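Participant: got a structure for you, letters missing:
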């Protein structure tokens, strides 16, 4: 279970936003942050990941403190069991597909997980290929696999499919849902796409101007 109490002053395209949210996300839930650009959705993801520090508040995951402003506690990103996938693929261009996954492998783990993921995402025949020779969909599949090779308990997805065509989006949506169930993940997705949100979400959090203004089932909120 993720318990968030986040306060952060943000400066967006339309000026100052005072982000203030207090929510609980259940274990194995797939929750989508939905709302207009500049509302604070990506900032929430980045604070959970440890890439952005809240001004005050707390982040508790299964009873463990990841951040607490009063206790001056801030767990480093590397110490948080998370997988991150952004819209940008962020693959190492000088490394092959296999090497990109191996780079993310936790120290001491065997490479069996890499072989399994390459098989699952259908890229085993491209294991020795470098990113510049891959299509956008293939690159994003590698990015998802790289996030999963760390065996995270939480998967954070910040509009990872927005630059792909409809057919590839649908395929990767299916893959992510399968990974979410198979690895028993708690997944937080940022998306602007109504059909994607409806297809994937257990619950939707509607974010506007740094606040969660509504939450619930997709059909009730959207």
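Facilitator: In hand now; what should we look at? Predicted model only: the values in this text are computed from it and were never measured.

Participant: could you point out which element follows the lengthiest helix in the chain?
Facilitator: When the chain is parsed with DSSP state H, its longest helix is helix 166-182. Using DSSP states H and E, the helix or strand that follows helix 166-182 in sequence is strand 186-190.

Participant: packing partners for that following strand?
Facilitator: Packing partners of strand 186-190 (3 or more Cβ pairs under 8 Å, 6 or more residues apart in numbering; DSSP states H and E): strand 30-34, helix 41-49, strand 154-158. All C-beta spots, glycine's among them, are computed from the backbone N, C-alpha and C.

Participant: just so I know, which of those lies nearest residue 114?
Facilitator: For residue 114, the closest of the helices and strands packed on strand 186-190 is strand 154-158, at 17.5 Å, according to Cβ to Cβ.

Participant: residue 14 against residue 36, yeah?
Facilitator: No: at 9.8 Å, residue 14 and residue 36 do not qualify as touching, with contact defined as Cβ atoms under 8 Å.

Participant: show me what contacts the residue nearest to the spatial centre of the chain?
Facilitator: In the chain, the centroid-proximal residue (Cα atoms, centre = their mean) is residue 156; its distance is 1.5 Å. Applying Cβ atoms under 8 Å, 6 or more residues apart in numbering to residue 156 gives the contacts 45, 48-49, 82-85, 187-188.

Participant: and the helices in the chain?
Facilitator: Using DSSP H, helices in the chain cover 41-49, 97-104, 112-120, 136-148, 166-182, 194-200, 218-221.

Participant: quick one, domains of this protein?
Facilitator: Here the domain parsing of the chain from automatic domain parsing is 1-81+154-172+183-222, 90-151.

Participant: and those, which one's lowest on average pLDDT?
Facilitator: Lowest mean pLDDT within the domains of the chain: domain 90-151, a mean of 86.

Participant: roughly how far does residue 185 sit from residue 31?
Facilitator: The gap separating residue 185 from residue 31 is 11 Å, by Cβ to Cβ, to the nearest Å.

Participant: go on, residue 92?
Facilitator: Applying Cβ to Cβ, the value for residue 92 to residue 31 is 30 Å.

Participant: more neighbours: which of the two?
Facilitator: A count of neighbours by other Cβ atoms under 10 Å puts residue 31 above the other of residue 92 and residue 31, at 20 against 12.

Participant: so what pairs up with the more buried one in the strands?
Facilitator: Listed by DSSP bridges, the beta-bridge partners for residue 31 are residue 188, residue 203.

Participant: so who does it touch?
Facilitator: Contacts here follow Cβ under 8 Å, 6+ apart; on that basis residue 31 touches 25, 187-189, 201-205.
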